[in-house]
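Participant: 3D model of this:
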Amino acid sequence: MDEFGDLYEEHELTKVYDRVIFQRLLRYLKPYGKAVGIGLVLILVGEAARNGTPLVAMKAIDGFIQGDRLKGLDLFGALGALRWMVVAYLGLLVVDLAAQFLKSYVMQLMGQDIVRDLRVELFSHIHRLHVGFFDNTTVGRLMVRVMNDTGALQELFTSGIVDSLGSVIGLAFIVGMMFYVNWQLALVTLCVLPLIAASTFAFQVISRRAYREWRRQLSRLNSYMNERISGLTTVQLFSQEPRTLSRFVGINTDYVNAALRGVIAMAFFGPLVELAGGLSTAVIIWYGGGQALQQHISLGELFAFLTWGNRFFWPLRNLSQQYNTMLMAMASSERIFQIRDTEPAIQEKPDSRHIDSLKEGIEFRDVWFAYRDDDYVLRGINLSIRKGEKVAIVGATGSGKTTMTNLLCRFYDVQKGSITVDGIDIRDYGLTDLRRLIAIVQQDVVLFAGTVAENISLNAEHIDLDAVRQAAKTVQADRFIMSLPGDYGSEVKERGASYSVGQKQLIAFARALAFSPDILILDEATSSVDTETEVLIQEAIKRLLEGRTSIIIAHRLSTIRDADKIVVMHKGEIREVGSHAELLQQQGIYYRLYRLQYKDSDTGASHPHATEIDAQVPRQGVQINAGKDRSS
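Facilitator: Sure thing, here's the model as predicted:
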């Protein structure tokens, strides 16, 4: 392991074969029982036709070529006598080829459908998982689950399970034919089976860990690539390209080495099977040839056994490949079911209550919350927010401001206390109903590939283009949208790469307004906007907040001066509550924050807002002393 440790590592899975997991995989076949049945019938037909051809050849050799049936006939007469045997032989070949084609088509179609269903199920489940799950799971790892691991299962469903049965059926046909024709020669032919069994066991021991390690290293590689490509600007800014490349080379080398171990396992097993096949042919020639010279068996029987002996190892080779498929599928299915079996920490109650709109308000009642164990981020939060009230939350980074809004949206659940909406605990509401009341505009705006209109409406059926245009006009986003080549139909690339931070935030404002929420949360929504853009949207924000219960998280105290109530957070606790003027009069944390933002303590140069402080709070008697406030 390199110096970076296990940052991109996964837990190693221990079982090579898990009966419970395999049974779960088989359940995905149930809706396609008809296709499985057709496949098995086609396998039976194909194997019977394929392994019947040596029997036809044996009859032709013993009955027509070596036998007495053609005596007295000229060449044309002999060929005519053989024609039906040739037609029968060719007919069996055609039946075999047709059965193989149809079986392959049906199984491939079934495999694609099963993997489609599995990917939809997994993607849907991921969207229901709680936010805390994604705090500890990389996007690259999830991509491997949804795409690569399900692809491995596709191989299992298309060529693994049914073809394994086909290989077993083929072996049974060949052995049955051998014993039907000559049981003594059949026993001699199968004397190489102990070698096959020993090589198969060795192959399993070598390959099972190799394939699991290969899947694990693939997940590490995808996770690292996703993270570094997403943060490419930072990598380039700090000239970390060589360091990033070196790290990638290390992870990629681990991946290649793991893949090579699987290749070595196959390289080890393949020649052993070929060796066993060669020994089997040699045994047939030695023993069977001797029996033919002594006229204990016919030349036709010898020819048939040589053909069956060679074909006997086809299913064995197929089973080795299908065993590889099984190994990969089991490793992938374990990881898929790890995700699938992860239950969302945020659950709706079976009898969850319905809510259409906010009627009274929001209340935090002695709320305690920790992301990890007992490391509480919020401690005994008590706060009431009336309907229509505009509440601002300020405080240092890490004081718990955003956590409060995350709890209100039920991205997490409180450990102690409760949060109520209209007097009812939010855990009693349905998640969809609760979150329909709320819209959030964050500092880091997420835009999706599509059009501007789609990013505002998020393709919601109840938001048409007129509503999109009206929302954009209200927040003054239409000014730049109409200047785009396709206005509301303009392309938005992944993560909104072609738009400025200010433009993305204007789109986010329009999105929030289009959904017409009762509760609006602005989480540092203007912190990254330039002064000109901020001036444009301040009036729009006022209109956006009209008639809505709003929670504003801000570092720029100038943006929250008109709030009905300002809540000052410090180390997970509410230290001060009041209006802008009241908090300045208290000369506490808010007062100090305000002076730090608007007055340079070294030069004494005053900001225009500093005169407000001087007007509301007499300079004499003012002590900015940490010992005077318990926040220290």
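
Participant: quick one, what contacts the closest residue to Ser164 other than its chain neighbours?
Facilitator: Leaving aside its sequence neighbours, Ser164 sits nearest to Gln322 (C-beta to C-beta, 6 or more residues apart in numbering; 4.7 Å). Where C-beta positions appear, they are placed from N, C-alpha and C, glycine not excepted. Remark: with contacts taken as C-beta atoms under 8 Å, 6 or more residues apart in numbering, Gln322 is in contact with Ser159, Gly160, Asp163, Ser164, Ser167.

Participant: repeat the analysis, applying 10 Å as the threshold.
Facilitator: 155-156, 159-167, 315, 329 (C-beta atoms under 10 Å, 6 or more residues apart in numbering).

Participant: how about these in JSON lines, adding pLDDT, secondary structure and distance to Phe22?
Facilitator: Formatted as JSON lines, the contacts of Gln322 follow (pLDDT from 0 to 100; DSSP: H, G, I helix; E, B strand; the rest coil; distance: C-beta to C-beta, whole Å):
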{"residue": "Glu155", "pLDDT": "77", "secondary structure": "helix", "distance to Phe22": "15"}
{"residue": "Leu156", "pLDDT": "79", "secondary structure": "helix", "distance to Phe22": "10"}
{"residue": "Ser159", "pLDDT": "73", "secondary structure": "helix", "distance to Phe22": "16"}
{"residue": "Gly160", "pLDDT": "72", "secondary structure": "helix", "distance to Phe22": "11"}
{"residue": "Ile161", "pLDDT": "75", "secondary structure": "helix", "distance to Phe22": "9"}
{"residue": "Val162", "pLDDT": "75", "secondary structure": "helix", "distance to Phe22": "15"}
{"residue": "Asp163", "pLDDT": "76", "secondary structure": "helix", "distance to Phe22": "16"}
{"residue": "Ser164", "pLDDT": "79", "secondary structure": "helix", "distance to Phe22": "12"}
{"residue": "Leu165", "pLDDT": "79", "secondary structure": "helix", "distance to Phe22": "14"}
{"residue": "Gly166", "pLDDT": "78", "secondary structure": "helix", "distance to Phe22": "18"}
{"residue": "Ser167", "pLDDT": "79", "secondary structure": "helix", "distance to Phe22": "17"}
{"residue": "Pro315", "pLDDT": "77", "secondary structure": "helix", "distance to Phe22": "21"}
{"residue": "Ala329", "pLDDT": "78", "secondary structure": "helix", "distance to Phe22": "9"}
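
Participant: tally of neighbours for Asn182?
Facilitator: 20 (other C-beta atoms under 10 Å).

Participant: tell me, how many residues neighbour the closest residue to Ser490 other than its chain neighbours?
Facilitator: Nearest-residue entry for Ser490: Leu484, 4.0 Å, with adjacent residues in sequence omitted and distances by C-beta to C-beta, 6+ apart. Residues near Leu484, counting by other C-beta under 10 Å, number 16.

Participant: quick one: the residue nearest to Ser164 from Gln443, how far?
Facilitator: 52 Å (C-beta to C-beta, to the nearest Å).

Participant: what residues are up against Leu195?
Facilitator: Counting by C-beta under 10 Å, 6+ apart, the residues that Leu195 touches are Leu272, Val273, Leu275, Ala276, Leu279, Ser280.

Participant: change it to 7 Å
Facilitator: Ala276 (C-beta atoms under 7 Å, 6 or more residues apart in numbering).

Participant: now do the helix or strand where it lies, average pLDDT.
Facilitator: According to DSSP states H and E, Leu195 maps onto helix 193-230. Across helix 193-230, pLDDT averages out at 72.
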